[in-house]
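Peer 1: Sequence first, then the predicted structure:
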Amino acid sequence: MSQPEEPGTAPEAAEPGADLTGRGPSQPDGPPGDTGEARASRALRDAATGTFGVTVLAFVLALVIGALLIVFTTDSVTSTLSYFFSRPGDFFSAAWSAVSDSYVAMFRGSIINDRGWSFTTVFHPLTETMTVATPLIIAALGVAVAFRAGLFNIGAQGQVILGATFAGYIGFTWHLPVVVHVVVAIVGGILGGAIWASIAGVLRARTGAHEVIVTIMLNYVALYFLAYLLTTRFFTHSSSNQPKSPAVGPNANLPLLLGEQFRLNAGFLVAILAAVFVWWLMTRSTWGFRFRAVGSNPNASRNAGIGVATTFIAVMAVSGALAGLAGAVQVLGTEKSVTGGIAGSLGFDAITVALLGRSKPMGIFFAGLLYAALDVGGRSMEAATGTPIDLVLVIQSLVVLFIAAPPLVRAIFRLPAPRPDAKGAHA
Amino acid sequence: MKLELRGITKRFGPLVANDHIDLVVEPGQVHALLGENGAGKSTLMNVLFGLYQADEGEILVDDAAVAFKGPGDALAAGIGMVHQHFMLVPVFTVAENVMLGHEPTRGGGLLDLDAARRTVRELSDRFGFGLDPDAVVEDLPVGVQQRVEIVKALVRDARVLILDEPTAVLTPQETDELIAIMRELKAQGTSIVFITHKLREVKAVADVITVIRRGAVVGEASPDAAETELAAMMVGRSVSLGVDKEPAQPGEVTFRVEHLTVRDPNGIAVVDDVSFAVARGEILAVAGVQGNGQTELSEAVVGLVPATGSITLEGRELVGLSPHEILDAGVGFVPEDRTVDGLVLDFTVAENLVLDVYDRRPFARGIALDLGAIRDNARARIEEYDIRTQGPSQEVGRLSGGNQQKVVMARELSRPLKVFVASQPTRGVDVGSIEFLHKRIVAERDAGTPVVIVSTELDEVAALADRIAVMYRGAVVGIVPADTPRAVLGLMMAGVSAEEAHAQATETELDQLADEHTHETGAQQ
Amino acid sequence: ACGQAPGDDKGSGTGSAAASNFKACMVSDSGGFNDKSFNESGYDGLKKAESDLGVKIATAESKQESDFAPNIANMEQQNCNLIITVGFLLATATGDAAKQHSDTKFAIVDSTAQDANGKTITLDNVKPISFDTAQAAYLAGYLAAGMTKTGTVATYGGIQIPTVTIFMDGFADGVAKYNEDNGKSVKVLGWDVKKQNGSFTGDFEDQSKGQQLTQTFISQGADIILPVAGPVGAGTLAAAKDANSDGKDVSVIWVDSDGAVANPDYASIILSSVVKEIGAAVEDVIKTTKGGSFSNDPYVGTLENKGVGLAPFHDFDSKVPQDLKDKITQLQQDIISGKIKVESKSSPE
Amino acid sequence: MSAATLEPTGSPAATARAATGGKAWRLPITLGVLGVLALLLFGLLPAGGRDTTFGLSTSTDFVHLGPVTVPSKATAAVLSVLAILVAAYAGWCVSRARRISRWVPIVFAVLWVLAFLTWAVAGKSTSLVSLLAGSIFLAVPLAFGALGGLIGERAGVVNIAIEGQLLTGAFGAAVFASIVSNAYLGLVAAPVAGLVIGALLALFTVKYHVNQIIVGVVLNVFAVGLTSFLYSSVLKENAATLNSPPRLPTLAIPVLGDIPVIGPVLFRQTLLVYLLYVAIVVVAIALFRTRWGLRVRAVGEYPAAADTVGIDVNRTRWGNVLLGSMVAGLGGAFFTVGSVGAFSQEMTAGKGYIALAAMILGRWSPWGALGAALLFGFSDKLQQVLGVLGTAIPNQFMLMLPYVVTIFAVAGLVGRVRAPAADGEPYVKE
Ligand SMILES: Nc1ncnc2c1ncn2[C@@H]1O[C@H](COP(=O)(O)OP(=O)(O)OP(=O)(O)O)[C@@H](O)[C@H]1O
Ligand SMILES: Nc1ncnc2c1ncn2[C@@H]1O[C@H](COP(=O)(O)OP(=O)(O)OP(=O)(O)O)[C@@H](O)[C@H]1O
Ligand SMILES: [Mg+2]
Ligand SMILES: [Mg+2]
């Protein structure tokens, strides 16, 4: 820097760490001349108004609203309303127990079961959350890659289906040695997703066809294509007309990480690797540079000699490859056989997770775990208290919305805005 | 209307862009703001216009404090503004842009487009801008967009008019027109705040000059002060305003354009059978009124628009190659519109500085980026080009206009080149930096690179050129020596051939003639 | 809100049956408990068991297929005595869970427990509950063929899966039987038994597609339609009613439950229904399990055990000719006695 | 300044950047190839001697047109040749550097589809009226959804939540119409229900700058959760009072409704469909001809520019998101009072996403949205008709038809579309 002593410019030392490629403004250090005291009090305030504090408050807020919904829909509570004025205590104790039962069940179902009687039962919920998060994280990474390159891949769903189909088919048809089989099946899944997404990439690059349209349409095509495959002997290997494939061979299974008691499998490691890979790809590789440049300003990229069209195709292929990998992990890790609903709502949940994680690998990793925890916890809440799963969807969406809107949470809790230079770049 | 700014302070994070600035604009006064790139001029004006909220200080209109929540309030208070970064809706027509916000309607909220067209024509005729009300703004060269922006501000009859570098891409004649208008407005009692880097203009029109440096007012100057004095005040050191360069030592001719033709979708030749050659160690300046094909010519060189004919660099044919291959072949390119074509605004300074070399050594090994090398490069360029930024990792979009331009120039001039093609290379750059950039361009020439400069700025053309090619309606009217009188150039820019122009341009009628012809050109294209 | 607070005496159930410690649980397939089809019927059976038998219940609604295994596991956590899973999609998950938890009883609706490869496995603690719906659909086909005035009837499904196509198979075969017996040539639109291909809406949600498909059938001359598509069947009811107000005479044969009861507004156009008594079967298995006499013998609902059947004609009772009624009763006897074999590729093994 | 009296003309650069020459040939070439394919597949290759019968009227028509029977092979050939001529005309236009009228692809499409139908229905008969009326029917929610979406997106707010708005609209219409036993009042409740989602969308995106796509996607989940929850906890048990709404009656417009073919297709519809016609026209005019529309588009393209001329960007966005959600919500009424009556869970079945695609395919314009919705509706209905007529193609592939057709339409005919430039960008001031 030319004039470090000038008051108008931050001193060299105040430059943010080594994150050359970081998007948002991220100046952790205060302005020069900060006194230690000011720093300390600021740190305190930041803790409350900072990202973490706000995330916690967002959670609290969503749970409070969820609690209201639970209270007013639980029969044991609403029945006390009829005599609320003669004995309000009943209402409050019923409400309290309904809400606390629900949320305790949710926590026990998704994080740690403190009532468990063995290591297995105590930690089982957490591993379930990790298991469910696995494909979600991977698919969300795919969505995020496209998103940062200015493409909106709404077709993760279809790509997951193709990935699962390819991986599954290799898994239950071929017979290969240990390790090799699972690797080949995974590669097959990656290819399946990449090919499917590339259709949208190529059409976008060659004809300008908008990727949102094409990927939405391809979702349906993939769905029906799989439905068709499931009626053929070629695919189901049986004359029964159950639309279900055989299970993948033993060598094609992703190995379990914690033994038979847990469903947690090596897919979780794959998810971690994928996150690291995407981080590296987007911030440390020339490909990522190119992806991001085209995403931000295709004109300037083209002037700088970057092939915009080829980049579109590459981006979609990488994005689809990750979605395909998610499909592969789903089949080889937990589901074992291919059915029409193999993709569930993975593709759409992945969009939420990707954006909730601000399209960054670390963010996605935690967003995926959070989303999965809500999912897993919600199901155990339904099982334990009868709170319908649909209500869980409502709570889930509220949590996501509030977490994504720190200023709203601050406004509700009447917290001061964070220092301008300390604000996290919210999506 | 009297306007007063008191103690205005605006911070961007740790950066204090405006530091307790006081400014008084008297009614009917042209108040010039001078300051180097990044001094905080635009920021101050944006605060005044309600686009930014000041952290401290107050704004007084006719001695009463006002609070502008947004530009709407400022407009209502009678303030108008021409923005440095155009505030034009790219997909709208000129007429739509001009009427936006105070649209004439025909009852029922239906737009009266005809009325808007008439308004545009009237104003455009008055200033000799030659605007087509139905042209779509994004299709227009920046110079024409600049005129739209001016018309848009004038059409509202503001009582205080802020002009943030309105002349950056105007021809000298257009600038003179604008100055005439400013005088006229001033006579009617309009106050004007005028930001420019061109000292000639300041001296011509300003009543008061305030100089800002690094966010703070450093003093006032009189319009009578010498240009060098003003320049020194702005930059804080003495600046030499001319370019002292050795005469060219043209070497071997390595860059040839032959029968180059670019057609628009309707088949009209916007670059029409253009041929020229540039030798190593020589600067060819392409002069001409905006919209006569210079933009397309430069874009054709880098393969951005399809062209026929031939462009050879050291014997290698460039027509038909992709931009990637052309840049690889050693072409350095500075597009005329930096924010649209030159920079990725939400990339960092460091990233923008390697935008076209990120994938090769030393910035990449295989497909892995070397962030250290990228950062070191950024540090070096920032230092060398005096780019005012909070650091290599600041987003380029947050730099001041002139500093963004320096980023593009720094990037293109710091890789090994076999030819350098630049459109409006010093658009919006302050005098101190122009001096530096011009020196850099001359150094590139002296290192043996053929250089092509496209500029509407005759001062710049005169300062840099070894030879001048004048374009008119897509064709090269003639290629003349650098010392050709301005009057002759002016005639040529109106389509008169070089010989004829020389013949016509006798000493006595020179100025007058040049004026008229160039205006016609402006009106026609 | 000013009512009297109840007394403190806890425990005395107000319901019909005394509370029991027996807990019956149910896991739906991805259609959810409001699918107007087998999940919903199963759920109704569970609810009925709750009020009739006083058992405790817990439910888990699956939103997607990957929910199956965890949902069953959650039910395990709830210490259920009996876990009922609904739908063939849960076959493997049920098999796996049953193997792991041999002291919990399981029942699976519309399928058997299966291993990972989809092979049926017999486990001591799993009771398969399936339905030979084709038998009842066969009667419906015969009925439709006998009632059509245009000589064309139609059927369609939501998605081509066995629990859907078994209806369509039976229906088409029933029509064929009618043609054979009476030398007629009533046409069936929407399903080709031999090719196992026909008309589907593609999902179990989009009722407007069902409505349009029905409209297409009607414009191609069909006047009796059998939708096998859960809630999408509502589209058929609407389309039929619209056609009738345009002067046509179209009627509908409902599936799963008695349509005239489930859709009272449309009773006037519901000719009959192919009923699959999932609810009763579920309640029954809860009852026997609670009573300690759980058995893993497969239950197959047939005409014989009234697990499937043709619903009453309700509004159409007077319109169906007596000899057709007799003929159908006869057919039913013949099927029960085995004289006529109704076969479908999708029949339970 | 006196010299500048010359008539200004467009700068040459203006047009130079607009497009590149090669693109112009895409349309004629695509049409030409399709035309020749039609001639081969439908006209020349099939065996002759079969007839195709098209029904042209419904039983209640005032003027009863008898069905038309034509020789399949010859008719298909003639129609294909006509289509090829249209393609040739388009080519002629391009070679003369003339604008191709927007009717060209429409006329071509009609001829091509007729040729196809003549071939597909060879030896059988089908009703054209039913085919077209069905297409419109299936297009209604898509068109409403797309229209609602584009109203928001023109102001720069991406509306992925169309699905949620349709769903809550369907729910609101069903419940309210049930309670008051009046289908028309359902049409009042539907927009209000859509507004709930719209208000949340605006709150989070416009006021709190949350990523618009995330909010949209999440609101869809929210809408599913909320309506499903209310359905199972309230509606199911009280179906008779809360979920058995009357359905909108068909209203035949006098005279217009009696025109052969067109009448029953266009003018014997429910009020909801007529509202769609009105909405399309009104929004098209409002968006492109009025002050409101100009400002909205400015906000969607370049909010800062709009701001600098005194347009309140965020207020405009609020307004448009709310308006758009009401339009989409109204479209939701189609699913209940507009068609089957009762609400059921997730009954919109992804139509909101198709509507989103229709909006883009229609280039964010009301007429385009309608066209795209009709294209989708038509191919969906066609798929059903062909399936019912009997085909060897597995039903799963038939079901793909509308989706594949859409892909071809966007890739082959529509090409590059451009979203409002600020679509998805929150407007944040320093
Ligand atoms: N802005 C753009 N949008 C869409 N397509 C573009 C754009 N710019 C270029 N293309 C298309 O991209 C294709 C290839 O572009 P280009 O020639 O720049 O790539 P390349 O340099 O060959 O690729 P690479 O950089 O991978 O070597 C061409 O078909 C071109 O029309
Ligand atoms: N939005 C922003 N965020 C952060 N910094 C900003 C922002 N806008 C301007 N700045 C910084 O404020 C300083 C003043 O910028 P400003 O645009 O006012 O300069 P200027 O005097 O107009 O320069 P120029 O002559 O180059 O236009 C610069 O250092 C610039 O980087
Ligand atoms: Mg390239
Ligand atoms: Mg500036």
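Peer 2: That came through fine. Everything quoted here is computed from the prediction, not taken from an experiment. Ligands and ions are numbered 1, 2, ... in the order given.
Peer 1: can you tell me if the top helix by length along chain D touches chain C.
Peer 2: If you go by DSSP state H, chain D has its longest helix at helix D:128-153. Yes - legend: contact between helix D:128-153 and chain C by C-beta under 8 Å from any C-beta of the partner chain is shown at D:S130, D:G134, D:F137, D:L138, D:P141. From N, CA and C alone the C-beta is placed, and that goes for glycine too.
Peer 1: Which of the residues you listed scores worst on pLDDT?
Peer 2: Comparing pLDDT over those singles out D:S130 as the least confident position, at 90.
Peer 1: Roughly how far does that residue sit from ligand 2?
Peer 2: Taking C-beta to the nearest ligand atom, to the nearest Å as the measure, D:S130 falls 60 Å from ligand 2.
Peer 1: Does that residue touch C:Q215 like I think?
Peer 2: Yes - checked against C-beta atoms under 8 Å, the pair D:S130 and C:Q215 is within contact range at 6.4 Å.
Peer 1: Look at the two and report which has more neighbours.
Peer 2: Neighbours per residue, other C-beta atoms under 10 Å in any protein chain shown: of D:S130 and C:Q215, the larger number sits with C:Q215, 26 against 21.
Peer 1: which residue sits closest to that one, ignoring its sequence neighbours?
Peer 2: If you skip the residues right next to it in sequence, C:Q215 has C:A239 as its closest partner in space, 4.8 Å away by C-beta to C-beta, 6 or more residues apart in numbering or on different chains.
Peer 1: Now do the helix or strand hosting that neighbour and helix D:128-153, the angle between them.
Peer 2: Element membership for C:A239 (DSSP states H and E) is helix C:233-245. For helix C:233-245 against helix D:128-153, the angle between stretch directions is 130 degrees (axes from the mean of the first three to the mean of the last three C-alpha atoms, to 10 degrees).
Peer 1: which element follows helix C:233-245 toward the C-terminus?
Peer 2: Helix C:233-245 is succeeded, C-terminally, by strand C:251-256 (DSSP H and E).
Peer 1: Which strands border that following strand, and is each parallel or antiparallel?
Peer 2: Partner strands for strand C:251-256, per DSSP bridges, with pairing direction: strand C:224-228 (parallel), strand C:270-276 (parallel).
Peer 1: tell me how far that strand is from the chain's mean position?
Peer 2: Centroid displacement of strand C:251-256 relative to its chain, using C-alpha atoms, centre = their mean, to the nearest Å, is 11 Å.
Peer 1: which residues are contacting the helix or strand that it is followed by?
Peer 2: Counting by DSSP H and E, the element after strand C:251-256 in chain order, helix or strand, is helix C:259-262. For helix C:259-262, contacts defined as C-beta atoms under 8 Å, 6 or more residues apart in numbering or on different chains pick out C:36, C:233, C:252-254, C:266-267, C:270, C:273, C:311-312, C:314-315.
Peer 1: was I right about B:R147 contacting B:G128?
Peer 2: No - contact criterion C-beta under 8 Å: B:R147 and B:G128 do not qualify, at 9.4 Å.
Peer 1: wait, which of the strands paired with strand C:251-256 is closest to D:L251?
Peer 2: Taking C-beta to C-beta as the criterion, D:L251 comes closest to strand C:224-228 out of the strands paired with strand C:251-256, the separation being 26.0 Å.
Peer 1: For the stretch 101-250 of chain C, which segments count as strands?
Peer 2: Taking DSSP state E, counting those that start in this stretch, the strands of the stretch 101-250 of chain C run over residues C:105-109, C:126-131, C:152-157, C:187-189, C:191-192, C:197-198, C:224-228.
Peer 1: Please read the previous query as pertaining to the stretch 51-200 of chain B.
Peer 2: Using DSSP E, counting those that start in this stretch, the strands of the stretch 51-200 of chain B run over B:56-61, B:64-66, B:79-82, B:160-164, B:191-195.
Peer 1: Spatially central residue for chain C, please.
Peer 2: C:D256 (3.4 Å; C-alpha atoms, centre = their mean).
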